[in-house]
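Student: Provided below for reference: sequence and predicted model.
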Amino acid sequence: MDNFSSIIGQSPALEALIRSARMVAATDVTVLIKGETGTGKEVLASAIQKDSPRANKPFVTLNCAALPEGLVESEIFGHKKGAFTGATSDKQGLFQAADGGTLFLDEINSLPLTIQSKLLRFLESGECLPVGGTKPYHVNVRVIAATNSDLAKQIEAGEFRRDLYFRLNVVPLELPALHERSEDIEILAKHFFAHFSEAHSLQSPTFSKQALKALRTHKWPGNVRELRNLCERLSILLAGRVIEPENLPHEFTHGKENAGGTATVTDFRLPETGLQLDALEANMIHQALARTNGNRSKSARLLGISRDTLLYRIQKHGLATH
């Protein structure tokens, strides 16, 4: 059984990520998963756990942004009776619940600074101190963390510990945004349609070529989660039908011309004397890279292509990047 089969797609960027994740899974190293909201960070963390020597041990998850700051420490490390008002008995923390297995800390960027220091202590020594306790306990837990924000900026703002970042970032894995792997949209849509067709006992719909084109040019701010929700809605409302662009939500087919000030193809006019298309393409890529200080993902976004397509064209034109 392939433990990474839950990660759907065939784009080069995703395949490279999965190859790295397989190697990481075989070790016991701490992992930091980066990616926008909805890209599937928990799915990847779960796949790493299932493919690891800890597969038969607990996989415990915590969204660090889901709890009030006052409860996070107790939730992760546990507390002793009488540690605070309402602490009527000792409480086991998530580290104890995950002993022998893996603790997945999602949205690690939301972890309060006071808790960050205790997490760092565990990563360095394996020690945990419950709230109100004086004697630490030891557990054998692998930590996989995930973030949807730029931790480097948070470090500069004093919101995240630099030493903790380096301790977590032993092996970073970055999930590409859906618009950076648009070639996977059709594969994902078929997968979701098949799933919801079975779940709701309905005939699966299909996308027309024009509808797929509209999907590929969409920015997908909600990433794979947004596509999944769309497919569930269409599976119920348009079961068994061929979905055309007019069946898609308004944002897929309207108002794209000037969204965010983006120019459309119709804004450009071919000079009477013609042009050299290769030279124009190379110049546009050079401008995009200059505008983003060499950030290839942002450059690809400006050009409306996937990151892998951009890398291919950079090599094609022999462009130097920094």
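Tutor: Structure's in. What do you need?
Student: Check the average confidence over stretch 155-171, would you?
Tutor: On average, the pLDDT along stretch 155-171 is 94.
Student: What residues of that stretch count as buried?
Tutor: 155, 159-161, 164-165, 167-168, 171 (16 or more other Cβ atoms under 10 Å). From N, CA and C alone the C-beta is placed, and that goes for glycine too.
Student: can these go into JSON lines with extra columns for secondary structure?
Tutor: Below are the buried residues of stretch 155-171 laid out as JSON lines (DSSP: H, G, I helix; E, B strand; the rest coil):
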{"residue": "155", "secondary structure": "helix"}
{"residue": "159", "secondary structure": "coil"}
{"residue": "160", "secondary structure": "coil"}
{"residue": "161", "secondary structure": "coil"}
{"residue": "164", "secondary structure": "helix"}
{"residue": "165", "secondary structure": "helix"}
{"residue": "167", "secondary structure": "helix"}
{"residue": "168", "secondary structure": "helix"}
{"residue": "171", "secondary structure": "strand"}
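Student: ok, which pair from those is furthest apart?
Tutor: 159 and 171 (23.1 Å; Cβ to Cβ).
Student: In three-state terms, label residue 197 for me.
Tutor: helix.
Student: can you pull out the strands in the stretch 101-250 of the chain?
Tutor: Using DSSP state E, counting those that start in this stretch, the strands of the stretch 101-250 of the chain run over 102-106, 127-128, 137-138, 142-147, 171-174, 206-207, 242-243.
Student: OK, contacts around residue 53?
Tutor: 26, 28 (Cβ atoms under 8 Å, 6 or more residues apart in numbering).
Student: Next, it: phi, psi?
Tutor: For residue 53, the backbone dihedrals (degrees, to the nearest 10) come out as phi -60, psi -10.
Student: Distance check, it against residue 142.
Tutor: 9 Å (Cβ to Cβ, to the nearest Å).
Student: joint contacts of these two?
Tutor: Common contacts of residue 53 and residue 142 (Cβ under 8 Å, 6+ apart): residue 28.
Student: For residue 222, which non-adjacent residue is spatially closest?
Tutor: Spatial nearest neighbour of residue 222, chain neighbours left out: residue 38 (4.6 Å); criterion: Cβ to Cβ, 6 or more residues apart in numbering.
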